[in-house]
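K.L.:
Give me the fold of what follows.
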Amino acid sequence: MKLGAEVVVLVLFLALLIVSLVVRPLKKSSFWGLEIWKWCVMVICVFSGHLVSHWVVTFVVFLVERNFLLRNKVLYFVFGLKKSVQVCLWIGLVLIAWSQLFDRDVGRSAKTARILNYVSRFLASVLIGSIIWLVKTFLMKVVASTFHRKAFFDRILENVFDQYILQTLSGPPVMELAENVGREGSGRVSFTKTKEEKSSPGVIDVMKLRKMSQEKVSAWTMKGLMAAIGSSRLSTISNTIESFDDVDGMEQKDKEISNEWEAKAAASAIFKNVARPGYKHIEEVDLLRFFNKEEVDLVLQRFEGAFETRKIKKSALKNWVVKAYLDRKSLAHSLNDTKTAVMQLHNLITVLVIVIIIIITLLLMGIATTKILLVISSQLLVVVFIFGNACKTVFEALIFVFIMHPFDVGDRCVIDGIQVHREQTNTLVPYSHCKLKGHP
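P.N.:
Numbers count the residues shown, from 1 in each chain. Take a look at the predicted model:
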């Protein structure tokens, strides 16, 4: 509705602008001492400038998406800053039109000139405020991206590989099937969304992901990985080898693991699916039916004692599946709590930025005189005196969560000689959500 109204205004006033420049009677007509065409340009900038800036930003995003080299590196910030850049362009367009068409006119009364001057200052303050907001948004994106990459990339990498192993071992022997049909194994893992996420399942190239380093992974890739982990559960493929009669037409359905009992049941099903009948171990030759040689070495390292013996015990398989389930659950909670912590930090920075913008606006408008600034400063001193300890606590909490970050949700740690279990991370109260081991 809003977009349609902007388009209608743009078309109508563009037509009126053309008419006012072509038709002689309208060319000489004026309203409040200004030509009609100037009013048309100003109305277009105010009411349709947002639409024009939207088109410009959309075109820039399109160019970035088309450029393969820039896409993963820049796209995360492009989409995050899209609205802020759009507003800056809009306000800048309005300010340019105002200063060129209205504020340059001479021969006005002192009162009119003063009003026009106030409007110009107000538009300039709005533009400066929007630029400050843009910088704030960019810095928050950088902080969040850096924190997520350093805190969670390695854990997400291991968790994705765990799910890849589970899904591969619970399905048909893909290496055998690939040889029969003349294909290569996909090396991909699917993520089925929860009921809240109604989009299609995500697919990740595991081997390509394992080649990435923490320093080189892009913010866009991290965002996708966090979304995949946060909106899905650990899952296996519900179909077994006996149900795959048609290799080309088969449809694999993911079965989610929601508790430890289901994790143990999944381990038993995997052992039955992988191990040869009558064998009490999964041997290397069994794994080669599901993975290539390089992947088999990586898989064996994840099971206790398996890398040396080249065999996987049923008990080791159960322990690993349960551990993988608990790790995924803990990681999902960590990502959710970190998202909350980042939002809390964002809200704190937003309040500070709003105060700065208000002060700058008052200064540019000439409202903030020395006496007013003195009064504001005295009030700020009172606020600091009252809430100084709370501000110190918040600052220490931010340093603790985003810079030190000694542990995540699910970790066990010792505080004042007491072993506690981290259940939640809160920016404002970093220690308040710990639970004593053994307590409900």
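
K.L.:
Count the neighbours of residue 279 for me.
P.N.:
Around residue 279 there are 12 other residues, counting by other C-beta atoms under 10 Å. (C-beta placed from N, C-alpha, C; glycine too.)

K.L.:
Shouldn't it be within a strand?
P.N.:
No: with DSSP: H, G, I helix; E, B strand; the rest coil as the criterion, residue 279 is assigned coil and is not in a strand.

K.L.:
For it, give me its contacts.
P.N.:
Residue 279 makes contact with residue 286 under the criterion C-beta atoms under 8 Å, 6 or more residues apart in numbering.

K.L.:
do that again at 10 Å, thanks
P.N.:
By C-beta atoms under 10 Å, 6 or more residues apart in numbering, the contact list for residue 279 reads 271, 286, 311.

K.L.:
Now for the nearest residue to residue 89 once chain neighbours are set aside: which residues touch it?
P.N.:
In space, and not counting its chain neighbours, residue 89 is closest to residue 53: 3.8 Å by C-beta to C-beta, 6 or more residues apart in numbering. If a contact means C-beta under 10 Å, 6+ apart, then residue 53 has 85, 86, 87, 88, 89, 90, 91, 92, 93 as its contacts.

K.L.:
Buried among the contacts of residue 279? Need that as a selection in PyMOL.
P.N.:
In PyMOL, a selection of the buried entries from the contacts of residue 279 looks like this (16 or more other C-beta atoms under 10 Å):
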select buried, resi 271+286+311
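
K.L.:
would you list the contacts of residue 279 in JSON lines and tack on distance to residue 294 and secondary structure?
P.N.:
Conversion of the contacts of residue 279 to JSON lines gives the following (distance: C-beta to C-beta, whole Å; DSSP: H, G, I helix; E, B strand; the rest coil):
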{"residue": "271", "distance to residue 294": "23", "secondary structure": "helix"}
{"residue": "286", "distance to residue 294": "17", "secondary structure": "helix"}
{"residue": "311", "distance to residue 294": "19", "secondary structure": "strand"}
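
K.L.:
which residues of the stretch 51-200 of the chain fall in strands?
P.N.:
Assigned strands in the stretch 51-200 of the chain, in chain order: 188-191 (criterion: DSSP state E, counting those that start in this stretch).

K.L.:
Can you pull out the low-pLDDT segments for it?
P.N.:
65, 67-76, 103-109, 174-200 (pLDDT under 70).

K.L.:
which stretches of it form helices?
P.N.:
Remark: helices assigned in the stretch 51-200 of the chain by DSSP state H, counting those that start in this stretch are 68-101, 110-170, 174-181.

K.L.:
Quick check: which of those helices is nearest to residue 393?
P.N.:
The closest of the helices of the stretch 51-200 of the chain to residue 393 is helix 110-170. By C-beta to C-beta, the value is 19.9 Å.

K.L.:
How many residues are close by residue 166?
P.N.:
Counted with other C-beta under 10 Å, the neighbours of residue 166 add up to 26.

K.L.:
Quick check: the gap between it and residue 267.
P.N.:
Counting by C-beta to C-beta, to the nearest Å, the gap from residue 166 to residue 267 is 9 Å.

K.L.:
so what's in contact with those two at the same time?
P.N.:
Common neighbours of residue 166 and residue 267 (C-beta under 10 Å, 6+ apart) are 236, 257, 320, 321, 324, 325.

K.L.:
What is the most widely separated pair among the contacts of residue 53?
P.N.:
85 and 93 (12.5 Å).

K.L.:
what residues are shared contacts of those two?
P.N.:
Joint contacts of residue 85 and residue 93 (C-beta under 10 Å, 6+ apart) are 53, 56.

K.L.:
What's the local residue count around the spatially closest residue to residue 82 that is not a sequence neighbour?
P.N.:
Excluding the flanking residues, the one nearest residue 82 by C-beta to C-beta, 6+ apart is residue 57, at 5.6 Å. Using other C-beta under 10 Å, residue 57 has 20 other residues around it.

K.L.:
buried ones in stretch 285-303?
P.N.:
For stretch 285-303, the neighbour count (16+ other C-beta under 10 Å) marks 286-287, 289-292, 295-296, 298-300, 302-303 as buried.

K.L.:
of all the contacts of residue 279, which comes closest to residue 155?
P.N.:
Of all the contacts of residue 279, residue 271 has the smallest distance to residue 155: 26.3 Å, by C-beta to C-beta.

K.L.:
and that closest one, how far is that from residue 293?
P.N.:
22 Å.

K.L.:
Can you name the helix or strand that residue 267 falls in?
P.N.:
Residue 267 belongs to helix 260-274 when assigned by DSSP states H and E.

K.L.:
could you say what helices and strands that helix packs with?
P.N.:
Here helix 260-274 touches helix 110-170, strand 235-237, strand 254-256, strand 281-283, helix 284-287, strand 311-313, helix 314-365, going by 3 or more C-beta pairs under 10 Å, 6 or more residues apart in numbering; DSSP states H and E.

K.L.:
Can you tell me which of those is packed in deepest?
P.N.:
With neighbours defined as mean count of other C-beta atoms under 10 Å, these peak in mean count at strand 235-237, which reaches a mean of 24.

K.L.:
what mean pLDDT would you report for that strand?
P.N.:
Taken as a whole, strand 235-237 has a mean pLDDT of 60.

K.L.:
Renumber starting at 284 from here on
P.N.:
From this message on, residue numbering opens at 284, which makes the last subject strand 518-520.

K.L.:
Could I get the CA-only coordinates of stretch 404-417 as PDB?
P.N.:
What follows is stretch 404-417, C-alpha atoms only, in PDB (Å, rounded to 0.1, in the frame of the first residue of the first chain):
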ATOM      1  CA  ARG A 404      19.500  23.000  10.100                       C
ATOM      2  CA  PHE A 405      16.900  20.400  11.100                       C
ATOM      3  CA  LEU A 406      17.400  18.500   7.800                       C
ATOM      4  CA  ALA A 407      21.100  18.600   8.300                       C
ATOM      5  CA  SER A 408      20.800  17.300  11.800                       C
ATOM      6  CA  VAL A 409      18.500  14.500  10.600                       C
ATOM      7  CA  LEU A 410      21.100  13.600   7.900                       C
ATOM      8  CA  ILE A 411      23.900  13.600  10.500                       C
ATOM      9  CA  GLY A 412      21.700  11.400  12.800                       C
ATOM     10  CA  SER A 413      21.000   8.900  10.100                       C
ATOM     11  CA  ILE A 414      24.800   8.700   9.200                       C
ATOM     12  CA  ILE A 415      25.600   8.100  12.900                       C
ATOM     13  CA  TRP A 416      22.900   5.400  13.000                       C
ATOM     14  CA  LEU A 417      24.400   3.800   9.900                       C
END
